[in-house]
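# Sequence and predicted structure below; questions after.
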Amino acid sequence: MYRAVVGIGLACGIAIVMVYELTGPIIRQNKIEMREKAITKVLPGATTSAAFRLNQSGGFDPVPSDNEGDDLVFAGYDDNHELVGLAIAARGMGYQDVIRLLYGYSFEKQAILGISVLESRETPGLGDRIETDPDFLRNFGNLDVSLTPDGAELANLIEFVKPGEKNDPWQIDGISGATVTSKATANMLSESSARWIPTVHPKKEVFQYREGVE
Amino acid sequence: MCPVLAVTNTAKNALAMGLATAFVLIMSNLVVSSLRRYVPKQVRIVTFILVIATFVTIVDYLIQAISLELHKALGAFISLIVVNCLILGRAEAFASKNGIYRSLLDGLGMGVGFIMALLCLGVVREILGSGSLFGLQLFGEGYQEWIIMLLPPGGFFTLAGWLLLFNWLAKRRERRANSTGKESIS
Amino acid sequence: MKRLAKILDIRSSPHVASGQSVDVIMFNVVLALLPVTAFAVYTFGLAAILTLATAVASCVGTEYALCRFTGRETSIGDWSSTVTGILYGLTLPPSLALWMVAVGGIIAVSLGKFLFGGLGYNPFNPALVGRTVLQATFPVAMTNWPATPVDRFTSVPSSTLAWPFTEPAYDAVSTATPLASWKFEQEMTDTGDLLLGTVSGSVGETCTLLILLGGLYLVARRMMNWRIPVAILLTVALFSGLLNLSNPKHYADPLFMWLSGGLMLGSVFMATDMVGCPMTHPGCVLYGILIGVLVVVIRVWGGMPEGVMYAILLGNAASPLIDNWIQPRVYGTTGNQS
Amino acid sequence: MNSDPLWAIFLNACLINNFVLAYFLGICPFLGVSGKLATATRMGGAVTFVMVVSSMSAFGINSLLLMIDAPYLKLISFIAVIASTVQLVEMFIKKMSPALFRALGIFLPLITTNCAILGLALFQTNKGYGLLQSFVYALGAGAGFTLALVLMAGLREKLELAKTPDIVKGTVITLVLAGLLSVCFMGFAGLSN
Amino acid sequence: MTLFSRKTFAHGIHPPGLKDDTKGLPIRQFPFAPVLVVPLSQHIGKPAVPVVREGQEVIRGQCIAQPDGFLSVAMHAPASGVVRRIGLTPSITGRMTSGIFIDPFPASTQEVPEGTPCDAATANPEEIVAAIQQAGVVGLGGAGFPTHAKLKMPEGKSVDTLLVNGAECEPYLTTDHRVMLEHSDDVFAGIPYLMRATGATRTIIGVEANKLDAAAVLNAAIPDGAPITVETLPVKYPQGAEKMLIKALLGREVPSGGFPLDVHAICTNVTTTAEIGRLLPRGLGIQERVVTIGGPGIKNKGNYRVPIGTPLRFVLEWAGMEENLTRVFLGGPMMGQAVSSLDIPITKGSSGVIGFTSCESSPLNDSKHYPCIRCGYCVDACPIFLNPSQLGLLAENGEYLRMSEDFHLMDCFECGCCTFVCPSHIQLVQHFRIAKAALRKAKVEAKAKDDAKDEPKPKDEPKAEAKAKMLA
């Protein structure tokens, strides 16, 4: 009796491991491609990327780019291996469930260049307009996140305002009819940028292109 | 049936889910029927679940390898194929008692039926909910989407609607059979 | 004498009745709704007339068609589908495309009432079923509140006349409802405006005074259980009052909660729908409290500015449980029955 | 790791993303057991109990799998763990409290194949919940399941006496009710913000 | 006397009184019909056994039937005449029962010879109980329960209060009202018998506030030093039901399935009390009773002393009826029973004969029947706090067992409040009667099955049977 079960169990185990080993590289490749695509979207011009992990001392270590986690930032480089900016992940509670998104930060402009939604279960046609609404996406063309002169914190926190009332470059225009989701997006960006930008900004050198890291 | 309802909001997802389920169904039917002589009665269910779980895991990785986007859309519901009563039911009721060839046919039949059922749901929900079919826009620019069809209530309502239709058809057939029966008697 | 013996009418006692009748009750609800309806027409003009007419026509028409189709005796004579139609029409935004209004009306009567067996068996308020399903189906259209133009009696919002199944084009000028501007912009609306209904909102929810008038009429005619609206309103006042005391800046005051949105219309005319509420008085009070709590919870912490319709539907869903739990204590027994 | 506050996790699992009404998990017992209020309440209790127990074991097994770096065994081990946990619980209750066993007993085998249990284990892993978070998540999911089941049972008991057309009696009307309840529960969206 | 005391019971309804037509009319003697039919079963319990034979001459007031066992009472000849035959006669239940047909002598003086008197001051309780049984007294309010059976104290039970029911809450009826006004001496003569038989130490007469004149007369006539009080009760239906009256006057609740004795009270109708006070001192038996003949279908409305056994046909002819009379019922319109045949005689329990014309639009009869909309009016009306709506739904589905097990069906005493208020015009009371009958039948059958266990009988599902009955 046990022999049969153990035998089948073994066979199953072998089958699973085989499939895992066979598909593993492809899946890894897929994941990297997906992320690259997102990074390209938030950092216009970037074609390759590298992952960095925040270490205990507040510095950043390069890690293989198939790693995952919320403590990673990704550096995007253009064709000439020039650093375009950083892609940083943010997460927060949306209308229905958790929203995860990636946003691109440019060292030169000290601004957010774009966002890309990684995960969202928002209402189709309403909440998911944060991905599609051109007016809303225009907010992130050049969203100001510049630091105070001493570099300790953001000069102006990202702010959420009523649709059509954006006056300052650090403000985000809401989507009428999808206020909750757009506000949640603004909030999570505000929170994430306040935490990350002061940390990453002074360490621009760390993120410069290096051979062999991809 | 339960968990698959959640991913029938587009025809594509429904088809993918149906194919995945059918694959697991056929493969597990095959394996179970070929092993049926070697598996003692007492551990039958355990081995069935083991086999099914194996194939589900395999399908999970296959889908990830084929398209990560699709995997994201189907989410944890691929793994939940394991507890689909249909698969265990067929393994227990049919494959463990019949030969490989017949089990294969059974799996195929059941699988195709299951895909059809899911497509029925997916097609209706996608057409109404997004105005498209398999991602192809069916109507002009101005179509107003019926968002509810993409949401959970739409799933319940669509399923209820199909069942209602089938009930009605069955009733009608019954009525017709009755009336023709009576006529022939008289 | 023999003739008499033949025509003697033999029936079970009692041989007299109060004279109350379902159709009379329903008709009186329609009467009680008239002031609100008239005000809606005055405020929103042609758009309100069209919306209400379509709502009533679609509800009554669906009831008629379904009765025909299933071979039942037609039941539009009991006025219940008219009540459903008016109530449903009153909850809609005044610029909603008419084809959407019709879709919701069909859903309200078929899904909300007929499937369950018709009048008396519907667990949920049909008007609210139509309203909520529509909200989930066309969320954008259902949250578009146009500013009322001066020429409201001669023109309609462009979205009203959208072709069936097409996305309506919205007029550029839209305003936020008092609840939305409180929730998203922390802007309060003047209490006087709220009382008189000179704010934006659904067709019939704006004028609190006239809603109360209709409610008082029904209470006076004993066609409404006053305990339900009182329980809802008191609970809302108490709950939001406590919140308001704890942080007046963040939480609105009870009066604003009372007068804004659909609370008045909902608690006076929808929560009191006899079919969906519990049978006993203590049960009704509990039901009212439940709805009141849910209204505040959804309004204050939920994603939507308005939660009255969800609260009432959830109350409807819970009322069989309440009925199950709170049965009248039968004379001569101690405590609840087993 | 996930940093969602516990109350948000509970509300999310219980109301906003109710397992039955938003994820279609556990539909089979939902349709099957919701006819009678008394049964529904006990079934809800049993499911909540099993959910908590199996969520805890799933958390344990997942940590173990992460340690030995074998994510591919996740599904198989979850299934095995849940099945054996239910078995153990059944034996344990039988021994410790025959009364409780009589009340819950017939439901326990049913629960093993309840997709909600496996779904819970998978979701909590995907969301990366910690031990306490998983516990609260399981509690919330169980409470939500019970709530949906009990509401449904009340409505169905009431409809039993209604003149519901024959053609919709049974599954169709139950699904419509589930859809309407699901619409009602949409009112809770955004609560955990 | 306290005017408008707050004493009352919960729930109940306020039907229009409609008593003005007859409440001012004094009691008049009704003529003898050409034939009088005395049914042997005018009470709850076993029918009496005739002690006369066909062709025998009888004198008015003579005992013509003896009680058969304890739950049965004697019958007396309503007129001097000849027993024509002893045979079947239609009854108000719709079934035929046996009765004694008497042809009164046209020229007789119809004098009533006195019998052996029973003195309230000296007789012991057993003697009083026996005398009441012999006098043929049953509840004259309409219930027809043998009065002496109530008075017999079971072991270990005691009574402290006698309640005399002068509520007369049914519309139209003014019988009790007139008796209280005209025969208050009889009432006070009857009370000592009842108090002595039961051991009650005080008596409360409950009178509804629409009969203040009666209350005043009674109050003035209370014998000196007698422990009797008169209480005025707010007008409300069904105040006259035992359980309601006890709640209203004493604030006590008779337990479900129990009797007034369980709360140390006993209730008798005021007319019954007056009858005891009139009959017992002279050793008589009941030969006639006061009946309100009224309703829109009757021409000469009034309160009449009608000989027992007078056929309805004679009553209506003599009182005169409108052309379009369509409905006649015995008793009040709330609980009275509709008459199916005019050969039915007036019995001891007939407190009124009410005739309705076709113009009386009683919504119950003419209007549409709607489904229950769960308005809760019936729940608010039911004086014993049942849930008639739920019961009605269960009844429509044939769930009789659940009705009695979960919803106290058997506590319903069919007062008709629920049906009165129902806006959907659902015949709730009738549903409950059918359900009770089906349950009783099922119980009897189950018992019969138990008794004859050896013989396998076809299984009768009480539910299916009841459904079939409903359909029929």
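Looks like it arrived, so ask away. In this text, all values refer to a predicted model and were calculated from it rather than measured experimentally.

# which stretches of chain B form helices?
B:11-35, B:44-66, B:68-74, B:85-90, B:100-130, B:152-185 (DSSP state H).

# what's the closest of those helices to D:Gly187?
Judged by Cβ to Cβ, the one of these that comes nearest to D:Gly187 is helix B:152-185, at 12.0 Å. For glycine as for every other residue, the C-beta is placed from the backbone atoms N, C-alpha and C.

# could you give the angle of the closest one to helix B:100-130?
120 degrees (axes from the mean of the first three to the mean of the last three Cα atoms, to 10 degrees).

# Include distance to A:Asp135, mean pLDDT and mean neighbour count when you put the helices of chain B into TSV, please.
Formatted as TSV, those follow (distance: least, Cβ to Cβ, whole Å; pLDDT from 0 to 100; neighbours: other Cβ atoms under 10 Å in any protein chain shown):
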stretch	distance to A:Asp135	mean pLDDT	mean neighbour count
helix B:11-35	29	90	22
helix B:44-66	35	87	22
helix B:68-74	26	85	16
helix B:85-90	47	81	19
helix B:100-130	22	91	19
helix B:152-185	28	84	15
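
# Specify the stretch among those that is closest to C:Leu234.
Closest to C:Leu234 of these is helix B:152-185 (Cβ to Cβ; 32.2 Å).

# how about the helices of chain B, which one is nearest chain E?
Closest of the helices of chain B to chain E is helix B:152-185, at 21.3 Å (criterion: Cβ to the nearest Cβ).

# With distance to D:Ile173 as extra columns, can I get the helices of chain B in a markdown table?
What follows is the helices of chain B, written out as a markdown table (distance: least, Cβ to Cβ, whole Å):
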| stretch | distance to D:Ile173 |
| --- | --- |
| helix B:11-35 | 24 |
| helix B:44-66 | 33 |
| helix B:68-74 | 30 |
| helix B:85-90 | 22 |
| helix B:100-130 | 18 |
| helix B:152-185 | 8 |
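
# CSV please, covering those and showing distance to chain A.
As requested, these are exported to CSV (distance: least, Cβ to the nearest Cβ, whole Å):
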stretch, distance to chain A
helix B:11-35, 7
helix B:44-66, 4
helix B:68-74, 4
helix B:85-90, 15
helix B:100-130, 7
helix B:152-185, 10
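
# Show me the one of the ones you listed that comes nearest A:Phe107.
Closest among the helices of chain B, using Cβ to Cβ: helix B:68-74, at 29.9 Å.

# Could you check which residue of the stretch 151-300 of chain E lies nearest chain D?
Closest point on the stretch 151-300 of chain E to chain D, by Cβ to the nearest Cβ, is E:Ser256, at 23.1 Å.

# so what pLDDT did the residue located most distally from the centre of chain D get?
Going by Cα atoms, centre = their mean, the residue of chain D most distant from its centre is D:Lys163, 31.7 Å out. Per-residue confidence (pLDDT) for D:Lys163: 85.

# what about the helices in chain A?
Secondary structure of chain A (DSSP H): helices at A:2-42, A:129-132, A:134-138, A:179-200.

# Could you say which of those is packed most deeply?
Mean neighbours per residue, mean count of other Cβ atoms under 10 Å in any protein chain shown, is largest over these for helix A:179-200, with a mean of 21.

# Report the contact partners of the most centrally placed residue in chain B.
With distances taken as Cα atoms, centre = their mean, B:Phe114 lies nearest the centre of chain B, 3.3 Å away. By Cβ atoms under 8 Å, 6 or more residues apart in numbering or on different chains, the contact list for B:Phe114 reads B:18, B:21-22, B:25, B:86.

# just E:Leu194 next, same as before
Listed by Cβ under 8 Å, 6+ apart, the contact partners of E:Leu194 are E:151, E:162, E:200, E:203, E:266, E:268, E:273, E:276.

# what do you get for B:Gly111?
B:18, B:21-23, B:25-26.

# and the biggest strand by length in chain A, C-alpha only, in CSV?
In chain A, assigned by DSSP state E, the strand with the most residues is strand A:83-93. In CSV, the C-alpha atoms belonging to strand A:83-93 read as follows (Å, rounded to 0.1, in the frame of the first residue of the first chain):
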residue,chain,number,x,y,z
LEU,A,83,21.1,56.6,-16.2
VAL,A,84,17.6,57.9,-17.0
GLY,A,85,16.1,57.5,-13.6
LEU,A,86,14.9,55.2,-10.9
ALA,A,87,11.7,53.1,-10.9
ILE,A,88,10.3,52.7,-7.5
ALA,A,89,7.3,50.6,-6.4
ALA,A,90,4.5,52.0,-4.2
ARG,A,91,1.5,50.2,-2.7
GLY,A,92,-1.6,51.3,-0.9
MET,A,93,-5.2,50.6,-0.3
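
# among the helices of chain A, which is nearest chain C?
Closest approach to chain C among the helices of chain A is made by helix A:179-200 (4.4 Å; Cβ to the nearest Cβ).
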